[in-house]
Each structure stands twice: as C-alpha cells, then as structure tokens.
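Q: The amino acid sequence is not available; the structure is as follows:
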C-alpha cells in the first residue's frame, strides 16, 4: 500500500506523454494519489500539467466559451478552466522546494497563461497591457533563474511556453506602443483643431501681422509670436492678457 501513490504517479506521468495524451486519466490518478500523499510536489505538478492540457483541448474545441466560468448548482459562477489551471500551478509552486526540477516549467506556463489571457481580450486597455507585461516579465525571469539553479542533467528545460512567450511579449509591446502613438497623434490633432493656447506658435506677428522675420514666442503660453517688444506690449494691452494662460 505504501507504494500505491508512487505507482499511480508513474502511471499519471506516462499518461501525460504526448503519444498517450490521456490527460483526464492522469488527472484522476494525480487526485487519488494526492489523497494518499497530500502536498507531494511531483503529484501536484502532474495535476497542474494535466489540468493545463485539458483546458487547452477545451479551448480548441469551443473557443467561444474559453475563459468563461461555468455556473454552479447553486447558481453562482464556479472557476473557469483558465483559473483552475493557474490555481493548480500556483498550488504546486507553493509546495515545491526551490530546487524541484519542474519549477521552471510551471513558471513558464504561468507566464504564457497571463499572456494569452490578455491577447484573447478585445481591445485591452493600455494600463492592463503594461500591468500584464510586467507580470509576464517577472514570471519569465523567475523561470529562467529557477532553470539556472537546476543540476546540469536537467538543463536545458524543454517547455513549449518557454519558446512561445518572448515573441508574444515582443508583439504585445509593439501593439501597445503603436496604440499609445496613435492616441498621442489624435490628442495633438484635436488640440491644434481647437486652437488651444498650448498649440504651435503662430508664423506671423500677433501684433502687426508681419511674416518672414525672426519672431519671439510668448514666454507664458507659447501660442503666439511677436516681431518686437512693442507689438507684444500692445497686444497684451489689447486683449492677450485675458486669453494668455500657461500651457
């Protein structure tokens, strides 16, 4: 009986092999084994990996409902498949020692989950993008640090998430930068169209209208220019003092 959980762990790991891909069976074995040996890091990782693979299969089968929480029997929403996957990896990380050989994998997978969750949203707000990018970079850096601490025979870590996160992160940053640039252009255009004092200075003297000479910009608002101190004083008295404001 003492060997039973270890046998079940071995069977669960074999069911996670790509050529077997019996993730439902692997999850059942891991859950049963954890009843006999609660908190075992190897079993917790197998449970997380199997949950992850089942969530991925469900997403491919029905992408429209991906990430949505299913209603429970009481009428309230239960955890979504994505939340279950994230929680399973976090439970493993909380129990696993820092030198456990699957720790980098779990961190790489969590970075990937944070990234794909954001990319699947429609029109993410810039603030959300910045927050998620920081979280992904933190998780990925932790994964690399954990991988570097592994004995040589465990390196390099072979993990699909490890390879997929960097290009996705680059794409996300480029998209956020493009949106910020577009928003800045629209703001500048709107300010110029409204004739705000903080816009570009005029190309002719505000006082006499002369062009083609060196002009001095109003030091306070920067929105008007003058060819001489005399024009500036006259225009100030003539009404600019009431309209002039700091940009």
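A: Structure's in. What do you need? Since this is a predicted model, take the numbers as computed values, not measurements. Numbers count the residues shown, from 1 in each chain.
Q: By neighbour count, which bits of stretch 164-182 are buried? Give me those.
A: Neighbour counts using 16 or more other Cβ atoms under 10 Å place 165, 168-169, 172, 176 of stretch 164-182 among the buried residues. Every residue, glycine included, has its C-beta placed from N, CA and C.
Q: Go through those residues and flag which are in strands.
A: If you go by DSSP state E, the buried residues of stretch 164-182 have nothing in strands.
Q: and which of these is nearest to residue 234?
A: Distance ranking of the buried residues of stretch 164-182 against residue 234, using Cβ to Cβ, places residue 176 first at 48.8 Å.
Q: For residue 213, give me phi and psi.
A: phi -120, psi 170 (degrees, to the nearest 10).
Q: for it, what are its contacts?
A: Counting by Cβ atoms under 8 Å, 6 or more residues apart in numbering, residue 213 touches 205, 227.
Q: From residue 175, how far out is it?
A: Using Cβ to Cβ, to the nearest Å, one gets 46 Å for the distance from residue 213 to residue 175.
Q: How about residue 117?
A: If you go by Cβ to Cβ, the gap between residue 117 and residue 175 works out to 15 Å.
Q: ok, now residue 56?
A: In terms of Cβ to Cβ, residue 56 sits 24 Å off from residue 175.
Q: in which helix or strand would I find the residue most central in space within the chain?
A: For the chain, residue 132 is the residue whose C-alpha lies nearest the centre (Cα atoms, centre = their mean; 2.5 Å). Per DSSP states H and E, residue 132 falls inside helix 126-148.
Q: Then residue 56?
A: Counting by DSSP H and E, residue 56 is part of helix 41-61.
Q: what's in contact with the next helix-or-strand element following that helix?
A: Next along the chain after helix 41-61, taking DSSP H and E as the criterion, comes helix 81-95. Helix 81-95 has contacts (Cβ under 8 Å, 6+ apart) with 39-41, 44-45, 47-48, 51-52, 54-55, 58-59, 66-67, 69, 79, 102-103, 106-107, 109-110, 113, 117.
Q: Now which of those would you call buried?
A: Counted by 16+ other Cβ under 10 Å, those give 40-41, 44-45, 47-48, 51-52, 54-55, 59, 66, 102-103, 106-107, 109-110, 113, 117 as buried.
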